Each structure stands twice: as structure tokens, then as C-alpha cells.
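In: Fold the following for me, if possible:
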Amino acid sequence: QVQLVESGGGLVQAGGSLRLSCTARGRTFSFSIYTMAWFRQAPGKERDIVAGITWNGGNTYYADSVKGRFTISRDNAKNTVYLQMNSLKPEDTAVYYCAAPRRVSNIPISRGEYANWGQGTQVTVSS
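Out: Residues are numbered from 1 along each chain as shown. Prediction:
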């Protein structure tokens with residue numbers, strides 16, 4: 001069992017930056033061996049992957065819409081994954097979720113492959 005706790009969301013003007021954090025808590029969850037990912041869901045839309053990172057940070061994935069603007073990273077000593085978001089746009093407005101997959105794997109793209117989710121943090125970008 002693992003609890004994922006996100007923080008760092010908020011209201012920012014277009015062009016601004018935010019950094020999201022997600023800390024994993026759970027005595028039986030080996031954070032350092034799992035891929036971690038960030039998803040987002042805007043009102044009326046599907047929950048889609050934004051970025052993912054393998055256990056050692058060796059591989060990353062970014063949705064086309066955020067490439068060059070967002071950076072995912074992790075600190076295994078702190079059981080924490082981050083999402084640095086720069087050059088934010090109004091279309092980035094969504095609830096952002098941290099997620100861990102069902103199995104130790106590369107970076108699953110489908111949300112169905114993820115079994116553990118945070119509560120979500122709201123990111124609002126004003127124009």
C-alpha cells in the first residue's frame with residue numbers, strides 16, 4: 001500500500017512557472033524501483049499522461065504538448081518525484097496527479113497501467 005501526496009499547484013499567469021512535488025509514503029512500497037508519472041485532467045477531458053521517469057531517471061517520457069517546457073525528475077532518497085513546469089499556457093490548466101504503475105516496468109502510457117494515484121493538485125494558468 002502506498003500513499004502519494006502531491007503539492008505545489010496554484011494559480012499562475014501565462015508564461016510563469018510552477019514546480020509540483022509528489023512524495024510516496026508506505027512502508028512496503030519500494031519507491032526507488034518504480035517508474036513514476038504525472039498525469040493531468042482538465043474539465044470534460046480524459047486523464048492523460050504528461051511525463052514519466054524510470055526508477056533511476058535514465059529514461060523519461062513527455063507528452064508532445066509539454067516537451068521543452070516541463071521537466072520530470074526524482075530524488076529516491078526522499079521518495080519524491082517532481083514536475084518543473086515552465087512557460088505555462090492556459091491550456092495547461094488541469095488537476096495534476098502523481099501515479100505509480102502496477103508493476104515494475106518502463107514508462108506505461110495508459111492510465112490503466114497505474115494502480116496508485118495521488119489526490120491531485122490544481123494548476124490554473126491565467127491568460
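In: Can you give me the end-to-end span of stretch 105-122?
Out: 28 Å (Cα to Cα, to the nearest Å).
In: Give me the residues contacting it.
Out: Residues from elsewhere that reach stretch 105-122 (Cβ atoms under 8 Å, 6 or more residues apart in numbering): 2, 4-10, 20, 22, 29, 35, 37, 39, 41, 47-49, 52-54, 59-61, 95-103. The C-beta positions use only the backbone N, C-alpha and C, and glycine is treated the same way.
In: let's go with 6 Å and repeat that
Out: Residues outside stretch 105-122 that contact it (Cβ atoms under 6 Å, 6 or more residues apart in numbering): 2, 4, 6, 9, 22, 35, 47, 49, 52, 61, 95-102.
In: Ok, stretch 65-81 next?
Out: If you take Cβ under 6 Å, 6+ apart as the criterion, stretch 65-81 is touched by 21-24, 31-32, 36, 50-51, 53, 57, 60, 82-87.
In: one more time with 8 Å, if that's ok
Out: So stretch 65-81 is contacted by 21-25, 31-32, 36, 38, 50-53, 55-57, 60, 62, 82-88, 91-92, 98 (Cβ under 8 Å, 6+ apart).
In: For the spatially most central residue of the chain, give its distance to R27.
Out: For the chain, W38 is the residue whose C-alpha lies nearest the centre (Cα atoms, centre = their mean; 2.0 Å). Relative to R27, W38 is positioned 24 Å away (Cβ to Cβ, to the nearest Å).
In: that older thread, quick check: ChimeraX command selecting the buried ones in the contacts of stretch 105-122.
Out: Paste this into ChimeraX to select the buried members of the contacts of stretch 105-122, with burial taken from 16 or more other Cβ atoms under 10 Å:
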select :2,4,6,9,22,35,47,49,52,61,95,96,97,98,99,100,101
